[in-house]
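J.: Pasting the sequence and the predicted coordinates here, then a few questions.
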Amino acid sequence: MCKVNFGGIEKDVCLAYMPDIQVGEYTIVHVGFAITRVDEEAAHRTLAMFRELGLLEEELHEVPD
């Protein structure tokens, strides 16, 4: 288990499928499991898109700006 930062919000994530992931790397998380590694640019684009679509509000209980 580890803590993952989703654009400033931390969540506990299981690393059972990605035991070799390192601090500072980016991953896609599905239902609490890290499932694949992604590069930094793709991670930032994805977070921005999710934020624009309002998906982070529900998933991460984020308050809109």
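T.: Sure, I can see it.

J.: just the strands in this structure please.
T.: Along the chain, the segments classed as strands by DSSP state E run 2-6, 9-13, 26-30, 33-38.

J.: List of residues touching the third one?
T.: What that stands for is strand 26-30. Contact with strand 26-30 is made by 4, 6, 11, 13, 18, 21, 34-40, 42-43, 46, as judged by CB atoms under 8 Å, 6 or more residues apart in numbering. Any C-beta I mention is one placed from the backbone N, CA and C, and that applies to glycine too.

J.: Which positions in it come out as buried?
T.: Neighbour counts over strand 26-30 (16 or more other CB atoms under 10 Å) mark 26-27, 29 as buried.

J.: And for the last one?
T.: For strand 33-38, the buried set under the neighbour-count rule, 16+ other CB under 10 Å, comprises Ala34.

J.: I'd like to know the average pLDDT value across it.
T.: Average pLDDT, strand 33-38: 95.

J.: got it, and the second one?
T.: Confidence over strand 9-13, taken as the mean pLDDT, stands at 89.

J.: ok, it: who's next to it in the sheet?
T.: Strand pairing for strand 9-13, determined by DSSP bridges: strand 2-6 (antiparallel).

J.: what do you get for the third one?
T.: Using DSSP bridges, the neighbouring strands of strand 26-30 in the sheet come out as strand 33-38 (antiparallel).

J.: And the strand it pairs with, how far out from the chain middle?
T.: 9 Å (CA atoms, centre = their mean, to the nearest Å).

J.: Repeat that for stretch 6-20.
T.: Using CA atoms, centre = their mean, the offset of stretch 6-20 from its chain centre is 7 Å.

J.: buried stuff in that stretch?
T.: Buried residues in stretch 6-20, counted by 16+ other CB under 10 Å: 6, 13, 18.

J.: Look up the residues forming beta bridges with the second one.
T.: In this structure, Val13 has beta-bridge partners Cys2, where bridges are defined by DSSP bridges.

J.: And it, how close does it get to Asp20?
T.: 14 Å (CB to CB, to the nearest Å).

J.: what do you get for Ala34?
T.: Separation of Ala34 from Asp20 (CB to CB): 11 Å.
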